[in-house]
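Peer 1: no sequence on this one, just coordinates:
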């Protein structure tokens, strides 16, 4: 008996959670895995597949029939249906098409509707299962209707009542905790008008950028947000669990971009796909490294006459690169978190320049002494100290200015900024050191 | 009339949100800022202060009396009270002490209780305001009691009922949506026993690591989680808005650690504090850069006899550093997100080595040709190509192995891993290139 069987036997159906099944599946070896898949309760297959890392998805597709996959789709909420179909398409387009064909017209329409949204738009992340009530309904009737739908499991995980007018436009959001305070014998609108509280909904439009929506959740401490179209008509909702995933995805994207890695390409276990994307960034880096070498090439005579310079040369560039990356990372991250407002650019640049200049002086002195003692040439210490100050100053300046500039021209400040920065710190580092050496030492 | 006055006049009190006030305050200049502070509705001062970036906190302290600050604290929920007192201590210890002294014994005890938790423990992030019911209470009575507390604004933002036994141990969690389906004339436990659903609470212990708690929220799609002590006694709850903040903080911490930046030191606007922490990482980097220079120093004679080597030398190190950073970033991030399970180490190392080897061959050929043409020495192309393959292989291997090893010995894989990696890629890059040049070219 494998571990999954043990788990399933030990729990009642209502206590079984897809994440727990996924956790157990991940620990099984390939042989056990396929047979364990068959044990998953039918209506949890979709949730388990989505809870597993993407690389397991083709095993799921291989081990289930089109009918089983269709049933898995039907058991999912609308936003998860879209994710499931997306994964299915990535793994096997023809199976995805077959599964899609077996769905009924309503489900097809819902999936198509959600798929029209761009990944960056709020609509792409909403689910269509919501509970709505008309403003003139009696609270008691609303609760009865709610309880019936809940018993039939047609709605789940509801925290709010979305109240609409006759034209389906969203008017109010009422938390279930507010509802319990209402007079059950009156209509919703009567209760709302008598209350001191505000039921004005915090809502977002379907075409709004999902990053802004995430900020609303964070700022207003929301756990659910209704999504409306441009006319104010209620379409769906986004819930806190979506927000956790999106915050994590955005942070991953940002870290990957800073390192020259593409988050989409890394998702699947295809080495070729990930490798190609990484190669394109390495190619740009090679180009800029050659640029730095050309700068060094200007000083071949200087290097020939004092080979100690070749030994010390990488230190200045390395320190500049590191100090610049410190500034860059802080500014990129604070821009994403909203910690830097529009008028803040000069304050940030000043701060970063001051910090890097301060550290520039410290390490200029340290390295100046080390170089002078190591090679027994005092002026060599002066040269490396001066170029250290210059390069760290540039590191702080460009580390702050590059992302601020990219943000201003509406480019993601994380993409490409590291490459631009290290080009600056390499070129300035090598040039300032070798040029100063040429004029001071030779 | 400044912008804040306009906003306050245009909205009813129930519609005013502290985040909106904070957003307006951030746009004001220093002179307007102080006078605008005075306009904030008294019971929102605490929330506004916490919604502003930390650097504004001393302005808040300066502009309010001890009594006003105490009222601000009293209007906050328990977890925010602790945050507020923490900020206050950072800014002005004596004012913090005075404010604390004016609180009544209960509030003091609550703050002290929450302050005993380490920042990494779940207890540090919980709020103590919860709604509990005993299992033998009639549903109708519970709802009435709830509505009374809600009207008095003693509880807010409630989505769940925590049901406890006579010994205060948490037995069940019932969502308000479940409650509406219950038979109001029966007791809670009767309803629970008759239901098919599971009301088994997903709970965490107060001393549990907050990272694990965040994973529970993500895996089980929770928006609230009860926190119990080691005896199962209910203490408080953590809500989704805390989780948004914690996910963001952890991602920031990770990015900063990879770049050699300390997240705590960067929080406040003190240049000296942030600069010192950054200097300590730059110091370690200087040490490793000198190490790389010593390696170069072994080959002074080689460099003397062929200065072209000094020109090309940084390229191999730079490419290794970049390819290694790509691997390192992906592995560190996937470790944090739970995408790498315990048995996965070999799979990950194999994948990263394959990708870096593949890219190593590509750029070996490109750079080999460039070097051979540039300096008109064919064997120089062979030397740089070989060292490129060696260094990128090492980059992939160590980029994956360093964080996996650190994780295994229970050290944060983000801290220090970049410095170790670039030491490897610099030393291997310079050594392989110059050693191969010595043996092949001279």
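Peer 2: Structure's in. What do you need? Note that this is a predicted model, so its numbers are computed, not measured.
Peer 1: Now do the buried residues in stretch A:272-290.
Peer 2: Under the neighbour-count criterion of 16 or more other C-beta atoms under 10 Å in any protein chain shown, stretch A:272-290 has A:274-279, A:281-282, A:284-286, A:288-290 buried. For every residue, glycine as well, the C-beta is placed using N, CA and C.
Peer 1: Okay, now the unreliable bits of chain A?
Peer 2: Chain A contains residues with pLDDT under 70 at A:1.
Peer 1: domain assignment for it?
Peer 2: For chain A, automatic domain parsing gives the domain ranges A:3-116, A:132-243, A:260-441.
Peer 1: Run the chain-centre distance for the longest one.
Peer 2: Using C-alpha atoms, centre = their mean, to the nearest Å, the distance from the centre of domain A:260-441 to the centre of the chain it belongs to is 26 Å.
Peer 1: any chance you could map the strands in the stretch 1-150 of chain A?
Peer 2: With DSSP state E, counting those that start in this stretch, the ranges of strands along the stretch 1-150 of chain A come out as A:132-134.
Peer 1: Can you report phi and psi for residue A:161?
Peer 2: phi -110, psi 130 (degrees, to the nearest 10).
Peer 1: Now do the same contact list for it.
Peer 2: A:131, A:132, A:133, A:142, A:146, A:173, A:174, A:175, A:176, A:179, A:188 (C-beta atoms under 8 Å, 6 or more residues apart in numbering or on different chains).
Peer 1: do residue A:13 as well
Peer 2: With C-beta under 8 Å, 6+ apart, residue A:13 has these contacts: residue A:41.
Peer 1: residues near residue A:142, how many?
Peer 2: Residue A:142 has 23 neighbours, counted by other C-beta atoms under 10 Å in any protein chain shown.
Peer 1: ok, now residue A:436?
Peer 2: 18.
Peer 1: Then residue A:387?
Peer 2: 30.
Peer 1: Can you check my assumption that it lies in a strand?
Peer 2: No: assignment of residue A:387 by DSSP: H, G, I helix; E, B strand; the rest coil gives helix, placing it outside any strand.
Peer 1: Am I right that it is in contact with residue A:432?
Peer 2: Yes: if you go by C-beta atoms under 8 Å, residue A:387 and residue A:432 touch, sitting 4.0 Å apart.
Peer 1: list residues touching both of those two?
Peer 2: residue A:316.
Peer 1: What residues of stretch A:410-417 count as buried?
Peer 2: A:412, A:413, A:414, A:415, A:416, A:417.
Peer 1: Going by distance to chain B, which of these wins?
Peer 2: residue A:414 (9.7 Å; C-beta to the nearest C-beta).
Peer 1: helix/strand/coil for that closest one?
Peer 2: Taking three-state DSSP, the label given to residue A:414 is coil.
Peer 1: residues contacting it?
Peer 2: A:253, A:254, A:257, A:258, A:332, A:336, A:403 are the contacts of residue A:414 under C-beta under 8 Å, 6+ apart.
Peer 1: Near chain B, list only the ones from those.
Peer 2: Contacts with chain B within these, counted by C-beta under 8 Å from any C-beta of the partner chain: A:254, A:258.
Peer 1: okay if I get the contacts of residue A:414 as CSV plus distance to residue A:47?
Peer 2: Listed next are the contacts of residue A:414 as CSV, based on distance: C-beta to C-beta, whole Å:
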residue, distance to residue A:47
A:253, 25
A:254, 28
A:257, 30
A:258, 33
A:332, 35
A:336, 30
A:403, 39
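Peer 1: Just send the contacts of residue A:414 back as CSV, with secondary structure too.
Peer 2: Below are these laid out as CSV (three-state DSSP):
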residue, secondary structure
A:253, helix
A:254, helix
A:257, helix
A:258, helix
A:332, helix
A:336, helix
A:403, helix
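Peer 1: The contacts of residue A:414 into a markdown table, with extra columns for distance to residue A:222 and neighbour count?
Peer 2: Shown next, in a markdown table, are the contacts of residue A:414 (distance: C-beta to C-beta, whole Å; neighbours: other C-beta atoms under 10 Å in any protein chain shown):
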| residue | distance to residue A:222 | neighbour count |
| --- | --- | --- |
| A:253 | 23 | 18 |
| A:254 | 23 | 23 |
| A:257 | 27 | 21 |
| A:258 | 29 | 26 |
| A:332 | 26 | 30 |
| A:336 | 19 | 23 |
| A:403 | 29 | 30 |
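Peer 1: how about stretch A:179-198, does it reach chain B?
Peer 2: Yes: counting by C-beta under 8 Å from any C-beta, contacts between stretch A:179-198 and chain B involve A:180, A:181, A:196, A:197, A:198.
Peer 1: which residues touch the residue nearest the centre of chain A?
Peer 2: With distances taken as C-alpha atoms, centre = their mean, the residue of chain A nearest its centroid is residue A:250 (1.4 Å). Counting by C-beta under 8 Å, 6+ apart, residue A:250 touches A:211, A:214, A:336.
Peer 1: mind redoing it with 10 Å?
Peer 2: A:210, A:211, A:214, A:263, A:336, B:248, B:251 (C-beta atoms under 10 Å, 6 or more residues apart in numbering or on different chains).
Peer 1: Repeat that for residue A:143.
Peer 2: Residue A:143 touches A:133, A:137, A:161, A:176, A:179, A:180, A:182, A:184, B:180, B:181, B:184, counting by C-beta under 10 Å, 6+ apart.
Peer 1: What's the local residue count around the second one?
Peer 2: When you say that, I think you mean residue A:137. Residue A:137 sits with 16 neighbouring residues when counted by other C-beta under 10 Å.
Peer 1: Tell me how far the residue nearest to it when sequence neighbours are not counted lies from residue A:196.
Peer 2: Once flanking residues are discounted, residue A:137 sits nearest to residue A:188: 5.8 Å by C-beta to C-beta, 6 or more residues apart in numbering or on different chains. To residue A:196, residue A:188 is 16 Å away according to C-beta to C-beta, to the nearest Å.
Peer 1: and residue A:418, what does it touch?
Peer 2: A:257-260, A:281, A:285, A:321, A:324-325, A:328-329, A:332, A:399, A:402, B:259, B:322, B:325.
Peer 1: coming back round to it: quick one: which of the buried residues of stretch A:272-290 is nearest residue B:224?
Peer 2: Comparing the buried residues of stretch A:272-290 against residue B:224 with C-beta to C-beta picks out residue A:274 as the nearest, at 37.6 Å.
Peer 1: Pull the number of nearby residues for the residue nearest to residue A:39 when sequence neighbours are not counted.
Peer 2: Closest residue to residue A:39 apart from its sequence neighbours, by C-beta to C-beta, 6+ apart: residue A:4 at 5.5 Å. A count of neighbours around residue A:4, defined by other C-beta under 10 Å, yields 22.
Peer 1: now residue A:4: how far from chain B?
Peer 2: From residue A:4 over to chain B the distance is 15 Å, taken as C-beta to the nearest C-beta, to the nearest Å.
Peer 1: same deal with residue A:231?
Peer 2: Counting by C-beta to the nearest C-beta, the gap from residue A:231 to chain B is 23 Å.
Peer 1: so that residue sits in a strand?
Peer 2: No: counting by three-state DSSP, residue A:231 is not part of a strand but coil.
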